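**Q** generate coordinates for the sequence data below:
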Amino acid sequence: MILDQHLAALVVIVPLLSAPIIVLLRPRGLAWAAATATSLMGFAIAIALTLGVLNGQNYSYHMGSWPAPYGIALSVDALSAIVLLVVTGASALALLAGRLSLNEEINEERQPLFFAAWMLVLAGLVGILVSADAFNIFVFMEISSLASYVLIAGGPDRRALPAVFKYLVMGTIGATFYLIGVGLIYMMTGTLNLADMELRIHAVSDQNPILVAAGFITVGLALKAAVFPLHAWLPNAYTYAPHIVTVFLAACATKVSLYVLLRFDFFVFQQNLTGHDLQFSYFLMPLATLAILIGSGIALFERNLKRLLAYSSVAQIGYIMLGASLVSMAGVTASVLHIFNHALAKGALFLAAACLAMSCSGMRLNDIAGAARSMPWTMGAFVLAGLSLIGIPGTAGFVSKWYLITAVLSQGAVGIALAVVIVVTSLMAVVYVWRVIESAYFRTAPENALPLHEAPRELLVVTWVAALANLYFGLAPSVPVSLSSTAAEILMRHTQ
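**A** Next up is the predicted model:
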């Protein structure tokens, strides 16, 4: 079909053009409906792209018919397709679930601006995923970041303002580092196209600027992705953002930065810089291990549910980076697969938290004491998603952790130690998930607490869709596994 040729561009253009239209939609609920329809359209386009990729098709699009590297090129392969599914799916599910929640948290007059900003975040994130040009990645990165600050600060909680300021400062530093690195590479190669950049680096006689660029780009993207210890912006941003915004950003925002880090490092640096695979491993493996241990350790003692889940995300990012740091086919497959599976688990958990927030007086564990008696469906979804986060067999989380353990065990004595870390921190996840379950199921609500009630049906239905997706992709993981293994082949091909 002729339309298939334009899908890589449409997935960006649809949300980008919808944003200025949504600003004009003043009647109550119309802006939400338009944003939801746009997200569902983006999700449908992502599914179409994924089906094409699974059938062996790689999508390439040249804006204005100008060929790369002279024009702006867009491309979609297995790696970008699986993250596209995560981003568009997270946006669609969050908006479908969030109508009532956002009506409570966002002033009616500001809703068109809020949903327009949401569309800009979506357009920026998918633009990063389909762009084949290093500078355009930066442009889309800034579009999504600036709009994300609006979403996080858009709720009624004033504590979001210092949280978003910290996010802005660290995000700006990260983007600046990335841009400095790209500038250095452009200075040495004269191109911004990633594929062309990979070829021209071979002809560069002085590799020192390229090494410096690799450092700037890696640190900048690590800041954006909240890689430990550059994660300081993440816990408060997730905790104080509107609940549905947290669902969206927790499922996909850091994943997109990790995607750029993997693509840039494997496509541009691994093959061209001697010994870079060891540098990559020595830099990221210790940080990933510390992230897993410290993120899980802090989550054990957190009393705020959203903050607990935020520190859990720091640990889960560690799992993703640990797989990538192995620079092996099995490790990269596990890394990409965990991007998908963690988005399923954490999205469902934050949706359950949004359900609890509709009735409970706060998000502290004391506030949800006894909630399971009045909100059995909400807590049932939380338990199922929590099992996936832990990695219980039969859930999506188990599949990616199994792949990761298999990958690290091939590394000898170091691999055995890493496997122990994965198992121990999975047991730590049992403890902090159990703390929530224990409070909701086995503690009684305070005497002066208001009576709780089950979440609205539309929010509950979407929460269960997300929770059951963890079960489905745990029992039938062929699609994400196929995409992840193909993505790993693409990345590892550039290390040889």
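**Q** starting at the chain centroid, how far to stretch 238-254?
**A** Relative to its chain's centre, stretch 238-254 lies at 10 Å (Cα atoms, centre = their mean, to the nearest Å).
**Q** can you list the weak-confidence ranges in the chain?
**A** Low-confidence regions of the chain, defined by pLDDT under 70, span residues 1-4, 270-277, 447, 449, 494-496.
**Q** where exactly do the strands run in this structure?
**A** Remark: strands assigned in the chain by DSSP state E are 59-62, 73-76.
**Q** buried deepest among the ones you listed, which one?
**A** Sort those by mean neighbour count, taking mean count of other Cβ atoms under 10 Å, and strand 73-76 sits at the top with a mean of 23. The C-beta positions use only the backbone N, C-alpha and C, and glycine is treated the same way.
**Q** give me the contacts around that strand.
**A** 7-9, 12, 49, 53, 58-63, 67, 84, 129-133, 193 (Cβ atoms under 8 Å, 6 or more residues apart in numbering).
**Q** ok, stretch 391-404 next?
**A** 319, 322-323, 330-331, 333-335, 337-338, 340-342, 344-345, 384, 387-390, 422, 426, 429, 469-475, 477, 480-481.
**Q** so of those residues, which ones are in helices?
**A** 319, 322-323, 330-331, 333-335, 337-338, 340-342, 344-345, 384, 387-390, 422, 426, 429, 469-475, 480-481 (DSSP state H).
**Q** just the buried subset of these, please.
**A** Listed as buried from the ones in helices among the contacts of stretch 391-404 are 319, 322-323, 330-331, 333-335, 337-338, 340-342, 344-345, 384, 387-390, 422, 426, 429, 469-471, 473-474, 480-481; burial here means 16 or more other Cβ atoms under 10 Å.
**Q** buried ones only from the contacts of strand 73-76, please, as a PyMOL command.
**A** Remark: buried members of those, expressed as a PyMOL selection using 16+ other Cβ under 10 Å:
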select buried, resi 7+8+9+12+49+53+59+61+62+84+129+130+131+132+133+193
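**Q** please flag which of the contacts of strand 73-76 sit within helices.
**A** Those of the contacts of strand 73-76 mapping onto helices are 7-9, 12, 49, 53, 84, 129-130, per DSSP H.
**Q** out of these, flag the one nearest to residue 38.
**A** Distance to residue 38 across the ones in helices among the contacts of strand 73-76 (Cβ to Cβ) is lowest for residue 12, with 11.9 Å.
**Q** nearest spatial neighbour of that closest one, skipping sequence neighbours?
**A** Residue nearest to residue 12 in three dimensions, not counting chain neighbours: residue 127, with 4.7 Å by Cβ to Cβ, 6 or more residues apart in numbering.
**Q** distance of that neighbour from residue 64?
**A** According to Cβ to Cβ, to the nearest Å, residue 127 and residue 64 sit 16 Å apart.
**Q** the two: which is more packed in?
**A** Taking neighbours as other Cβ atoms under 10 Å, residue 127 and residue 64 compare with residue 127 leading, 23 against 6.
**Q** how far away is that one from residue 136?
**A** Distance, residue 127 to residue 136, by Cβ to Cβ: 7 Å.
**Q** with residue 292 instead?
**A** 33 Å.
**Q** between the two, who's got more neighbours?
**A** Neighbours per residue, other Cβ under 10 Å: of residue 292 and residue 136, the larger number sits with residue 292, 26 against 19.
**Q** which outside residues touch stretch 254-262?
**A** With contact meaning Cβ under 8 Å, 6+ apart, stretch 254-262 is reached by 79-80, 83, 86-87, 125, 128-129, 137, 141, 144, 217-218, 221-222, 224-226, 234, 313, 317, 320-321, 324, 332, 335-336, 339, 342-343, 491.
**Q** what's near enough to touch residue 91?
**A** By Cβ under 8 Å, 6+ apart, residue 91 lies in contact with 39, 42-43, 118, 122, 248, 252.
**Q** residue 355: which of the ones in helices among the contacts of strand 73-76 is nearest?
**A** Nearest to residue 355 out of those is residue 84 (Cβ to Cβ; 27.1 Å).
**Q** what about the residue nearest to residue 12, distance to residue 68?
**A** The spacing between residue 127 and residue 68, counted by Cβ to Cβ, is 16 Å.
**Q** check contacts around the nearest residue to residue 410 once chain neighbours are set aside.
**A** Leaving out its chain neighbours, the residue that sits closest to residue 410 by Cβ to Cβ, 6+ apart is residue 330, at 6.4 Å. Residue 330 makes contact with 403, 406-407, 410, 488 under the criterion Cβ under 8 Å, 6+ apart.
**Q** now swap in residue 63 and tell me
**A** Going by Cβ under 8 Å, 6+ apart, residue 63 touches 9, 71-74.
**Q** tell me the one among those residues nearest to residue 264.
**A** Among the contacts of residue 63, and counting by Cβ to Cβ, the member closest to residue 264 is residue 73, at 15.5 Å.
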